[in-house]
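Chemist: next comes the sequence, and after it the predicted model I'd like to discuss.
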Amino acid sequence: MTTFKQRADSMQRQQWLEQCVAALRDKFAANNYAVPEHVRVSIGWPKRSASCGAIGECWSTAASSDHHNELFISPELTDGAVIVSVLAHEVVHATVGVDAGHGKAFRHCALAIGLQGPMRSTSAGPEFTAWTTALFERIGPYPAGYLTDRPKQGTRGIKCECAVCGYLARISRKWLDSVGPPICPVDAVPFTVQQEEQA
């Protein structure tokens, strides 16, 4: 059964995140960028966390039934300053459009608000760090614990490669044992089975 304290802790964390988004709206506006109205933030595993260690993610409005940008911040993060800089990175995505990736539009916006490169994994520059310190004086520190273990990606299949052209494929151990390696569609030769991998 969920206790009152657990509900209160969860609400306090959510309120803190929403206060950060509100503060970021003002910061973006001061640098001539308008954060979209429909932005929702949650602590939760980014989809790519197991495969590449992503600590934040922005989903486009097209992926949301009520047309919000859905932002996810990893529950592994413990430092409020890091959480806010990751959140700012995801708000940049929401502002310039997810389809912009980490290109020119993303870069201009990120640099304008005080983040620094590389753009795929921005960090807080000195000005953004000072802004974050002032923000915490107003809203307090990050009010929650963290998780110490991330979900593990299962096997991605066994890598097989054509020795002639280098065509790559992955196949499960079950199919390798029952029917053997696949045949290259280019050179019509059996693939060479590589060492099994775990992500």
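Modeler: Nice, I can see it.
Chemist: show me where this protein has strands.
Modeler: Applying DSSP state E to the chain gives strands spanning 39-43, 56-59, 69-73, 115-116, 123-124, 158-161, 168-171, 192-193.
Chemist: out of these, which is the most enclosed?
Modeler: strand 69-73 (a mean of 23; mean count of other Cβ atoms under 10 Å). C-betas here are computed from N, CA, C, even on glycine.
Chemist: helices and strands of the protein: which one bottoms out on pLDDT?
Modeler: One helix or strand of the chain scores below all others by mean pLDDT, DSSP states H and E: helix 49-52, with a mean of 56.
Chemist: from Val35, how far off is the spatially closest residue to Ser85 that is not a sequence neighbour?
Modeler: Spatial nearest neighbour of Ser85, chain neighbours left out: Ala124 (4.3 Å); criterion: Cβ to Cβ, 6 or more residues apart in numbering. Relative to Val35, Ala124 is positioned 18 Å away (Cβ to Cβ, to the nearest Å).
Chemist: low-confidence ranges in the protein?
Modeler: Scanning the chain for pLDDT under 70 picks out 1-10, 48-52, 145-156, 195-199.
Chemist: what's the top helix by length along it packed up against?
Modeler: Ranked by residue count and defined by DSSP state H, the top helix of the chain is helix 4-30. Using 3 or more Cβ pairs under 8 Å, 6 or more residues apart in numbering; DSSP states H and E, the elements in contact with helix 4-30 are strand 39-43, helix 80-96, helix 126-139.
Chemist: kindly recompute the last result at 6 Å.
Modeler: helix 80-96 (3 or more Cβ pairs under 6 Å, 6 or more residues apart in numbering; DSSP states H and E).
Chemist: and the helix it packs on, what does it pack onto?
Modeler: By 3+ Cβ pairs under 6 Å, 6+ apart, helix 80-96 packs against helix 4-30, strand 56-59, strand 69-73, helix 104-112.
Chemist: buried sites along the first one?
Modeler: Read that as helix 4-30. For helix 4-30, burial by neighbour count (16 or more other Cβ atoms under 10 Å) applies to 13, 16-17, 20-21, 23-25, 27-28.
Chemist: the inter-axis angle of it versus strand 39-43?
Modeler: 140 degrees (axes from the mean of the first three to the mean of the last three Cα atoms, to 10 degrees).
Chemist: how far off centre is the longest helix of the chain?
Modeler: Averaging C-alpha positions (Cα atoms, centre = their mean, to the nearest Å) puts helix 4-30 18 Å from its chain's average.
Chemist: now swap in stretch 113-123 and tell me
Modeler: 14 Å.
Chemist: swap in stretch 94-107?
Modeler: That offset, for stretch 94-107, works out to 14 Å (Cα atoms, centre = their mean).
Chemist: next, the distance between the ends of it.
Modeler: 13 Å (Cα to Cα, to the nearest Å).
Chemist: list the contacts of that stretch.
Modeler: With Cβ atoms under 6 Å, 6 or more residues apart in numbering as the contact definition, stretch 94-107 has outside contacts at 33, 35-36, 39, 58, 60, 69, 92, 109, 119-120.
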